[in-house]
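**Q** Need a 3D model of the sequence below.
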Amino acid sequence: MGPAFSFQDRRSEQIAVQRYSIICQAVTAFIILLIIVLIAEFYKKTGVSCGIPVITWVEIFFVIYLGMSIFGLFLLIVLYNCYNDTMKWQIGLYVTFGVLLLAWTIYGYVIYFSDDNDCQEHAGTSGWLVFMVILMVIALLLFTVLLCCVLPLILYIMHVQEQ
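**A** I've put the predicted structure just below:
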């Protein structure tokens, strides 16, 4: 006869997998963020600039996006202290950083279309401007998919649970 099935063993196994996943995401995000910040700060030190803070915008975009994974380390506390609430905390984390990222993307569009944007004329910032535009388009697509696909799905699930 094999070993008896235990819900406690299964839960311990799930916690170990989630802990490993959270730590790997946080370490990877921290390394990528460190590289991006060092590159951005190097370009800022060279004195290259234009009418809008394009390098700072890209830097803060990644701080928000990758910060979500780094702040995910706080989920370890939730994972061990109140396992049943982990999903609520995860959703709260994603919503908080999603709203920050949406606000930062909107700010990016505002400064990109402002009259002060002369980054195309400066050789040192034109590449950063292209990178900024790519990030804004990706973020816009992400939020469009979330709004058109995920939100109706969540509303449908909530409607089904009420019945």
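**Q** What segments of the chain are helices?
**A** 7-45, 54-71, 74-81, 86-112, 123-145, 151-162 (DSSP state H).
**Q** confidence score at residue 64?
**A** Note for residue 64: predicted pLDDT of 90.
**Q** thinking again about what came up before, so which of the helices of the chain is the most surrounded?
**A** For the helices of the chain, the largest average neighbour count (mean count of other C-beta atoms under 10 Å) is found in helix 54-71, namely a mean of 19. Placement of C-beta: from N, CA and C, glycine included.
**Q** so how far is that one off the chain centroid?
**A** With C-alpha atoms, centre = their mean, to the nearest Å as the basis, helix 54-71 stands 8 Å off its chain's centre.
**Q** and the residue nearest the centre of the chain, what is it in contact with?
**A** When C-alpha atoms, centre = their mean is applied to the chain, the residue found nearest the centroid is residue 65 (2.7 Å). By C-beta atoms under 8 Å, 6 or more residues apart in numbering, the contact set of residue 65 is 97, 101.
**Q** cutoff 7 Å now
**A** Going by C-beta atoms under 7 Å, 6 or more residues apart in numbering, residue 65 touches residue 101.
**Q** try residue 100
**A** Residue 100 sits next to residue 64 when contact means C-beta under 7 Å, 6+ apart.
**Q** okay, it: pLDDT?
**A** For residue 100, the model assigns a pLDDT of 93.
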